[in-house]
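Asks: model this:
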Amino acid sequence: MVILAIETSCDETSIAVLADGKVLSNVISSQIAEHTKFGGVVPELASRLHLKNLSYVLSQALHNAKIAITDINYIAYTATPGLIGALHIGKVAAETLSTYLEIPLLPLNHLSGHIYGAAIDQQFEFPLLALLVSGGHTQLILMTRHLKFEILGSTLDDAVGECYDKVARMLGLSYPGGPVIDQLAQTGNPDRYQLPLPLNDKSYNFSFSGLKSAAANLLTKIRNRGEELAINDFCATFQKVCVDTLMQKLTMAIKEYQPKMVVLAGGVSANQSLRKAFLGLESLGVKAVVPKLEYCTDNGAMIGRLGYQEILNNNNK
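Replies: Next comes the predicted model:
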């Protein structure tokens, strides 16, 4: 079973080829350099760049996989959520290939794909808790079997990745802000400054808008006092609060639902401090799985792995 998977939900054009769930190729063309000029993703530009790059990415994916396009059995693509124009480019490409090759089409969910990115190199064990962290989403999800997703909690406002980008902009750092803050935080003192733990309650929901406001207020006070900002320490403080918030909610869920496995997913799962804290959850007697870095950000392989699971489930009905 050979699947060609297309991912165009935001600012990466990616196509992967999988055979029986194994990744043969996973080509990603990033648009970050173009969007950095504007301090964030410009939807219209993203759509145009997908249109420009998609044929080259497709050619490279087939070349790397060492197969002909006629060897493909299924076409999978990201149908939702994402930027409408960007999603449309991937949809049209997928439908065209499906019609030309006369093979089935699999429209898939981008967020579910992120979770299944962790299943590329690891067999899922249920019940499973997934912490999905990205620029647009922060969710805590319970899975009792394949493809059954129960959202226990989600962000009430800003996603954690969005908060990172906004705080980075306050600090005058480049876009995307998450990786920059993460790098600076590695050599900073997280106890130098004080920031509150947002939505510190017994729910499984998240809120990061208050943390963003608190960071802005703290920066204003530092500057008004004429103090020099220790930017590495500030980044370390901010990052510690973000990681502690995520781990606090996840730890509560582990104690309540007693999962066999916890999975970290989404673009923010590339964060060094978060990955370290997440792996530390194994002290609670649960298996902790973090995806390879190449499967953290948006990529075709995660969509292909999700598509493979969809096919397996349908065949077993």
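Asks: strands along the stretch 1-150 of the chain, start to end?
Replies: Applying DSSP state E, counting those that start in this stretch to the stretch 1-150 of the chain gives strands spanning 2-7, 12-19, 22-30, 74-80, 105-109, 128-133, 138-143, 150-154.
Asks: so which of those is nearest residue 63?
Replies: strand 22-30 (7.8 Å; Cβ to Cβ). (Glycine included, C-beta is placed from N, CA and C.)
Asks: list the contacts of residue 117.
Replies: 265, 291, 295-296, 299, 301-302, 305 (Cβ atoms under 8 Å, 6 or more residues apart in numbering).
Asks: just give me the residue right at the centre of this structure.
Replies: Compute the mean C-alpha point of the chain, and by Cα atoms, centre = their mean the closest residue is residue 266, 1.8 Å away.
Asks: what's the closest of the contacts of residue 117 to residue 240?
Replies: Among the contacts of residue 117, residue 296 lies closest to residue 240 (Cβ to Cβ), at 20.5 Å.
Asks: only the C-alpha atoms, please, for the lowest-mean-pLDDT helix or strand in the chain, written as CSV.
Replies: Scoring the helices and strands of the chain by mean pLDDT, DSSP states H and E places helix 32-36 at the bottom, with a mean of 88. The C-alpha trace of helix 32-36 is given here as CSV (Å, rounded to 0.1, in the frame of the first residue of the first chain):
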residue,chain,number,x,y,z
ILE,A,32,9.7,31.1,6.6
ALA,A,33,12.3,33.2,4.9
GLU,A,34,9.6,34.9,2.8
HIS,A,35,7.2,35.5,5.7
THR,A,36,9.9,36.7,8.1
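Asks: who's in contact with it?
Replies: 11, 41-42, 45-46, 49, 174-176.
Asks: in helices only, show me the residues you listed.
Replies: Taking DSSP state H, the ones among the contacts of helix 32-36 that sit in helices are 45-46, 49.
Asks: and the contacts of helix 32-36, which two are the farthest apart?
Replies: Using Cβ to Cβ, the two most remote members of these are 49 and 174, lying 19.0 Å apart.
Asks: and the two? Which one has more around it.
Replies: Shown here are residue 49 and residue 174; by other Cβ atoms under 10 Å, residue 49 has more neighbours (22 against 12).
Asks: which positions within the least confident helix or strand of the chain qualify as buried?
Replies: By neighbour count with 16 or more other Cβ atoms under 10 Å, helix 32-36 contains the buried residues residue 35.
Asks: low-confidence ranges in the protein?
Replies: By pLDDT under 70, the weakly predicted segments of the chain are 317.
Asks: and for residue 143, nearest residue in space, chain neighbours not counted?
Replies: Leaving aside its chain neighbours, residue 143 sits nearest to residue 128 (4.4 Å; criterion: Cβ to Cβ, 6 or more residues apart in numbering).
Asks: ok, now which ones touch the one you found?
Replies: By Cβ under 8 Å, 6+ apart, the neighbours of residue 128 are 142-144, 259-263.
Asks: try it again at 10 Å.
Replies: Residues in contact with residue 128 (Cβ atoms under 10 Å, 6 or more residues apart in numbering) are 115, 118-119, 141-146, 148, 257, 259-263, 286-287, 289.
Asks: from the residues you listed, which would you call buried?
Replies: Counted by 16+ other Cβ under 10 Å, these give 115, 118-119, 141-143, 259, 261-263, 286, 289 as buried.
Asks: just the ones of those in helices?
Replies: residue 115.
Asks: ok, so of the buried ones among the contacts of residue 128, who is nearest residue 1?
Replies: Using Cβ to Cβ, residue 119 is the member of the buried ones among the contacts of residue 128 that sits closest to residue 1, with 15.7 Å.
Asks: now the closest one: how far from residue 235?
Replies: Using Cβ to Cβ, to the nearest Å, one obtains 32 Å as the distance from residue 119 to residue 235.
Asks: same deal with residue 250?
Replies: Counting by Cβ to Cβ, the gap from residue 250 to residue 235 is 22 Å.
Asks: ok, now residue 106?
Replies: Taken as Cβ to Cβ, the span from residue 106 to residue 235 is 40 Å.
Asks: look at those two and report which has more neighbours.
Replies: For residue 106 and residue 235, the more surrounded residue by other Cβ under 10 Å is residue 235, and the numbers stand at 27 against 21.
Asks: what packs against the helix or strand containing the more buried one?
Replies: Taking DSSP states H and E as the definition, one finds residue 235 inside helix 231-257. For helix 231-257, the packing partners by 3 or more Cβ pairs under 10 Å, 6 or more residues apart in numbering; DSSP states H and E come out as strand 128-133, strand 138-143, strand 150-154, helix 160-170, helix 177-185, helix 209-224, strand 261-265, helix 272-279.
Asks: now those as TSV including distance to residue 76?
Replies: Shown next, in TSV, are these (distance: least, Cβ to Cβ, whole Å):
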stretch	distance to residue 76
strand 128-133	19
strand 138-143	20
strand 150-154	23
helix 160-170	24
helix 177-185	27
helix 209-224	35
strand 261-265	18
helix 272-279	27
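Asks: out of the ones you listed, which is closest to residue 83?
Replies: It is, among these and with distance given as Cβ to Cβ, helix 160-170, at 14.5 Å.
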